[in-house]
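**Q** build me a model from this:
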Amino acid sequence: MKKLVASTVFALSVIGVSAVPAAADNIKIGYVDPLSGGAASIGQIGLNQLNFIADTANKNGGINGEQVEVIGYDNQINAQTSLVQVQKAIDEGVRIIIQGNGSSVGSAIEGFVAKYNRRNPDAHIVYLNYGAIDPVMTNDNCSYWHFGFDANTNVKMAALTNFIKQRAEIKKVYLIDQDYSFGHAVADAAVSMLKEKRPDIEIVGNEFHPLVKITDFSPYIAKIKASGADTVITSNWGQDFSLLIKAAGQSGLDVNWYTYYAGAAGGPTAIKQADMAGRVFQINEGISNLGYEPAEKTAREYGERYKDAPVLFPRIFNTTAMLFKAIEAAGSQDPADFIPKLEGMKYASFSAGGDSFMRKDDHQLFQPLYISSFGPLANDKAFDEEHTGWGWNKVGEIAAKDTVVPTTCEMKRPG
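**A** Here you go, the predicted model:
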């Protein structure tokens, strides 16, 4: 039975969820992501998936005979709060930190973990990043103790703009992003790559707004409408995406949307309610309608267990599968022992079994990427999203080898 424990640390909320009773030899995973506030729905889905994965592993005997224990820590999507929570996790015996929402948070954790390991050479921790994708994290600020399991901003934008450049109907693009490091990285990459690949496209807006603070996006939609844009590119996620689409639907804004995280919690529902069939595209590491039976079987089982929040993030399944594989290969849950097994690892990705690999130079995972659009289901066997009756349909695919970009990482390795 799962236990929900609430406590207060320095007036900061901490939520812990354990898949199994605590034990000294359990493989403890500390999940540091938002579990309250405007981004809680996204964070809770990640925690649900980690618990599902842990329960599945434990039913099959665990990893090297050791049980997997997942503990959630609410970081309120705040960098300083995150560091307090990471320290609390360490004090509770956690050596594996997983986080994915917010590159500003991710960068803070990456630096903290590197400093902690320098000061504690006999008790290392590792940070597995499933979604904070500011390129600086695997470039200038890269760390031996950090691994990125989602394609970074530049990789995704390169693939997305390759798709856009083939669509002659796109003439005017409006950029709208959250005002923090990730949003700025996306906007900068879009401007640079569109200028190179489609110099005829006019950037008619480049807007930033506060992260998870806007409740009414109608003023922003009015600006987009007035600009004459035919296309919007946004990296918004969580409620910032859902409310943006809601406002667009209410205003009758007639544009196509190119996104990073439209498929996250609340996004599909907002798209359906706005009646934007075939108008919203996303690029990510996978969808449920690729016809790959192992992934679809897992998606069905997960959806049955979490009927109220059935959204699935393939990148979390990739992260944990590669982690478990590395621990098994090393015969140890000590990061100092299993990190060398993660470096250079080849893996059949969750969504369709495609070739993926973890680059040793910067600890960036390269994997197949998919461009999909949201609309009516292709057939009666297709997966719908959030019980909308609509689903994601593939419109493009990029092999892992074709997503590789250079890195400026000069990694400092132990010793």
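
**Q** which SS state does V105 fall under?
**A** The three-state label given to V105 by DSSP: H, G, I helix; E, B strand; the rest coil is helix.

**Q** I meant I133, not that one.
**A** Per three-state DSSP, I133 ends up coil.

**Q** report pLDDT for the residue lying closest to it once chain neighbours are set aside.
**A** With CB to CB, 6 or more residues apart in numbering as the criterion, I133 has its nearest non-adjacent residue at 4.6 Å, and that residue is N152. Every C-beta, even on glycine, is put in place using the N, C-alpha and C of the backbone. Per-residue pLDDT puts N152 at 95.

**Q** can you report how many residues lie near N152?
**A** Using other CB atoms under 10 Å, N152 has 27 neighbouring residues.

**Q** E397 now?
**A** 15.

**Q** what's around the nearest residue in space to it that is not next to it in sequence, how many residues?
**A** Of all residues not flanking E397 in the chain, Y370 sits nearest, at 5.4 Å (CB to CB, 6+ apart). Using other CB under 10 Å, Y370 has 23 other residues around it.

**Q** quick check, Y370 in a helix?
**A** No: in this structure, Y370 is strand, not part of a helix, as judged by three-state DSSP.

**Q** how far does stretch 282-290 stretch from one end to the other?
**A** Distance between the two ends of stretch 282-290: 15 Å, counting by CA to CA, to the nearest Å.

**Q** the residue nearest to E397 and N289 touch, don't they?
**A** No: with contact defined as CB atoms under 8 Å, Y370 does not count as touching N289 (9.8 Å).

**Q** re the thing from before, how close does the residue nearest to I133 get to V212?
**A** 22 Å (CB to CB, to the nearest Å).

**Q** before we move on, which element is K325 in?
**A** Using DSSP states H and E, K325 sits in helix 314-330.

**Q** find the residue closest to Y73 in space, skipping its chain neighbours.
**A** Counting by CB to CB, 6+ apart, the residue nearest Y73 is Q85, at 3.8 Å.

**Q** for that neighbour, which three-state class applies?
**A** Note that with three-state DSSP, the state of Q85 is helix.

**Q** and for the top helix by length along the chain, what's in contact with it?
**A** In terms of residue count, the longest helix belonging to the chain (DSSP state H) is helix 40-59. Outside helix 40-59, the residues that touch it by CB atoms under 8 Å, 6 or more residues apart in numbering are 2, 17, 19-20, 29, 31, 33-35, 63, 67-70, 72, 74, 77, 98, 100-101, 130, 237-239, 264-266, 301-302, 305-306, 309, 311-313, 316-317, 320, 324.

**Q** which among these count as buried?
**A** Among the contacts of helix 40-59, those buried by neighbour count (16 or more other CB atoms under 10 Å) are 17, 19-20, 29, 31, 33-35, 63, 67-70, 72, 74, 77, 98, 100-101, 130, 237-239, 264-266, 302, 306, 309, 311-313, 316-317, 320, 324.

**Q** list the ones among those that fall in helices.
**A** Q239, Y302, I316, F317, T320, F324.

**Q** so what's the backbone phi/psi at the spatially closest residue to K223 that is not a sequence neighbour?
**A** The shortest distance from K223 to any non-neighbouring residue, by CB to CB, 6+ apart, is to G205 (6.4 Å). Per-residue torsions, G205: phi -170, psi 140 (degrees, to the nearest 10).

**Q** per-residue confidence for G205?
**A** 98.

**Q** so what's it bridging to?
**A** Here G205 sits in beta bridges with Y174, going by DSSP bridges.

**Q** so what's it up against?
**A** For G205, the contact set (CB under 8 Å, 6+ apart) comprises Y174, L175, I176, K223, I224, S227, A229.

**Q** ditto for Y116
**A** Counting by CB under 8 Å, 6+ apart, Y116 touches I90, I125.

**Q** at 10 Å what do you get?
**A** Applying CB atoms under 10 Å, 6 or more residues apart in numbering to Y116 gives the contacts L83, V86, Q87, I90, A123, H124, I125, Y127, W145.

**Q** who wins for neighbours among these?
**A** Of the contacts of Y116, with other CB under 10 Å as the count, Y127 tops at 29 neighbours.

**Q** assign that residue to helix, strand or coil.
**A** Y127 is classified as strand under three-state DSSP.

**Q** I'd assumed M411 was in contact with D140.
**A** No: using CB atoms under 10 Å, D140 makes no contact with M411, being 11.1 Å away.
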